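1. Fold the following for me, if possible:
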Amino acid sequence: MPLTHNSIHYELTDLRPPWVKSTSAVLFHHGIGINMDMWSQWVPVIAAHYPVIRFDMRGFGESKISQSTQTWTLTDLVTDVWGVADAVGCESVHLVGESMGATVILAAALAQPERALSIRMLNGTFKGQGIGELPDWEAQFASGDAQGWSKRMMQNRFYQTDVSPEALAWFEAEQAKTDPAVAIALGAILARTDLTSKLTRLAMPTAIVLPDQSPFVPVAHGDEFVRNVKHADFQIVKGVRHGLPFVRAAEQANLLLETLNRLTN
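-> Residues are numbered from 1 along each chain as shown. All right, here's what the predicted structure looks like:
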């Protein structure tokens, strides 16, 4: 199992023909409560053309980092991103993130813009102010485990008809494994983040894709984002809650592929 120097678990998937070696890799970052397998339906679409790098965010999946040993910061999460890129030998990558993962890849691109070929944010934001539900998390974790929080999160992420019952069951089971201390710590980082003043620095191709019914990220954040980022693309996906990249995986993966092809050709 490949790990970075600070125990972040990652995987590189390359389904290109062996004679195709020139395209840049795409690095995917998931959000709170799940693991890198949430991108599973994206992999065959993208990895047939571009190497795909996925990793488990610290505290989730096989990235066994305990929050109790230190107070995490956004800088730590940015270090994880570029540590994964370093581990697979990529000087520069296309960055794709969902939910808090979108906020982290944005911060990573701002920290090392020469390494970010493009940014694609899905149901994510650039600031904590205005995000819904976060103040309720500590009460939802009051039982000492993630069961109650996970059930509430499932309501926030999905409508029951979004995907198959099997897919929803898998997602809820994985989400229920969340360590409350990890979720609360990461939620606190997100709540105090504000990258607004730095957005004008973004020069790489950037896109933000928001569902119109997320209880967390308001569509107004997308409007504000594109006012601050020149030439940024903004897409609103109707009829979707906060599970956008999971319930619209095929659609969004193909849109990403179109964008990558346009940027590289």
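
2. Let me know the average pLDDT across the longest helix that the chain contains.
-> If you go by DSSP state H, the chain has its longest helix at helix 249-264. For helix 249-264, the mean per-residue pLDDT is 97.

3. Could you list every helix and strand in contact with it?
-> With contacts taken as 3 or more Cβ pairs under 8 Å, 6 or more residues apart in numbering; DSSP states H and E, helix 249-264 sits against helix 43-47, strand 93-98, strand 116-122. The C-beta positions use only the backbone N, C-alpha and C, and glycine is treated the same way.

4. Which residues outside that helix are in contact with it?
-> 23-24, 26, 41-42, 45-46, 49-50, 94, 96, 117-118, 120, 122, 205, 207, 209, 235, 244-245 (Cβ atoms under 8 Å, 6 or more residues apart in numbering).

5. Contacts only, for Leu77.
-> Per Cβ under 8 Å, 6+ apart, neighbours of Leu77: Met57, Arg58, Val104, Ala107, Ile189.

6. which residue ranges form the strands in this structure?
-> Secondary structure of the chain (DSSP state E): strands located at 10-13, 26-29, 52-55, 93-98, 116-122, 206-211, 233-237.

7. Kindly reformat the ones you listed as a markdown table containing mean pLDDT and distance to Pro218.
-> Shown next, in a markdown table, are these (pLDDT from 0 to 100; distance: least, Cβ to Cβ, whole Å):
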| stretch | mean pLDDT | distance to Pro218 |
| --- | --- | --- |
| strand 10-13 | 98 | 32 |
| strand 26-29 | 98 | 21 |
| strand 52-55 | 98 | 28 |
| strand 93-98 | 98 | 16 |
| strand 116-122 | 98 | 14 |
| strand 206-211 | 98 | 8 |
| strand 233-237 | 98 | 11 |
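
8. As CSV, these with distance to Thr71 and mean neighbour count would be great.
-> Output for the strands of the chain, formatted as CSV (distance: least, Cβ to Cβ, whole Å; neighbours: other Cβ atoms under 10 Å):
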stretch, distance to Thr71, mean neighbour count
strand 10-13, 24, 18
strand 26-29, 21, 26
strand 52-55, 22, 27
strand 93-98, 22, 28
strand 116-122, 26, 24
strand 206-211, 29, 24
strand 233-237, 34, 15
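
9. mind putting those in JSON lines, distance to Thr259 included?
-> Converted to JSON lines, those look like this (distance: least, Cβ to Cβ, whole Å):
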{"stretch": "strand 10-13", "distance to Thr259": "19"}
{"stretch": "strand 26-29", "distance to Thr259": "10"}
{"stretch": "strand 52-55", "distance to Thr259": "15"}
{"stretch": "strand 93-98", "distance to Thr259": "9"}
{"stretch": "strand 116-122", "distance to Thr259": "7"}
{"stretch": "strand 206-211", "distance to Thr259": "7"}
{"stretch": "strand 233-237", "distance to Thr259": "8"}
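
10. Burial check on Ala108, number of neighbours?
-> Neighbourhood size, Ala108 [other Cβ atoms under 10 Å]: 26.

11. Spit out the contact partners of the residue nearest to it when sequence neighbours are not counted.
-> Distances taken as Cβ to Cβ, 6 or more residues apart in numbering put Val81 closest to Ala108, at 4.2 Å, once the chain neighbours are dropped. Contact partners of Val81, counting by Cβ under 8 Å, 6+ apart, are Leu27, His29, Leu95, Val104, Ile105, Ala108.

12. from these, which two are the most distant?
-> With distances taken as Cβ to Cβ, the most widely separated pair in the contacts of Val81 is Leu27 and Val104, at 10.9 Å.

13. Look up how far Leu95 lies from the residue nearest to Ala108.
-> Using Cβ to Cβ, to the nearest Å, Val81 is found at 8 Å from Leu95.

14. Send me stretch 100-120 as CSV with only the CA atoms.
-> The C-alpha atoms that make up stretch 100-120 are tabulated as CSV, following Å, rounded to 0.1, in the frame of the first residue of the first chain:
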residue,chain,number,x,y,z
MET,A,100,-13.8,20.5,1.6
GLY,A,101,-11.4,18.8,-0.9
ALA,A,102,-12.3,21.6,-3.3
THR,A,103,-11.3,24.2,-0.7
VAL,A,104,-8.0,22.4,-0.1
ILE,A,105,-7.0,22.1,-3.8
LEU,A,106,-7.8,25.8,-4.2
ALA,A,107,-5.5,26.6,-1.3
ALA,A,108,-2.9,24.2,-2.8
ALA,A,109,-3.0,26.0,-6.1
LEU,A,110,-2.6,29.4,-4.4
ALA,A,111,0.3,28.1,-2.4
GLN,A,112,2.2,26.7,-5.4
PRO,A,113,0.6,28.1,-8.5
GLU,A,114,3.4,26.9,-10.8
ARG,A,115,2.3,23.3,-10.0
ALA,A,116,-1.4,23.7,-10.7
LEU,A,117,-2.3,23.2,-14.4
SER,A,118,-6.0,23.7,-13.7
ILE,A,119,-8.5,23.7,-10.9
ARG,A,120,-12.0,22.1,-10.8
